[in-house]
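1. here's a sequence, model it:
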Amino acid sequence: MAKPKKKKEIVHLVCSETGDRNYTILKKPGAAKLELKKYCARLRKHTLHTEKKK
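-> The predicted model follows:
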């Protein structure tokens, strides 16, 4: 019998400086937390974005 597939979960990337949720991604459950430098439209520059669940 096959193992059931784990569904991907919806995760938001939140700007560390403004607190805006700028990006939404699908991620495998159990993976490490993401911290990426992404573009923040409010500040008009690249800032550190961290993962936050819905």
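
2. any idea how far residue 32 is from residue 9?
-> 14 Å (Cβ to Cβ, to the nearest Å). No exception for glycine: its C-beta is placed from N, CA and C like everyone else's.

3. which of these two has more neighbours?
-> residue 9 (14 against 7; other Cβ atoms under 10 Å).

4. ok, that one - contacts?
-> For residue 9, the contacting residues are 26-29, 53, by Cβ atoms under 8 Å, 6 or more residues apart in numbering.

5. quick check: neighbours shared by residue 9 and residue 32?
-> With Cβ under 8 Å, 6+ apart, residue 9 and residue 32 have no common neighbours.

6. and the contacts of residue 9 as JSON lines, adding neighbour count?
-> JSON lines is the format used below for the contacts of residue 9 (neighbours: other Cβ atoms under 10 Å):
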{"residue": "26", "neighbour count": "9"}
{"residue": "27", "neighbour count": "15"}
{"residue": "28", "neighbour count": "9"}
{"residue": "29", "neighbour count": "9"}
{"residue": "53", "neighbour count": "8"}
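
7. quick check: the farthest pair among the residues you listed?
-> Maximum pairwise distance among the contacts of residue 9 (Cβ to Cβ): 13.4 Å, between 28 and 53.
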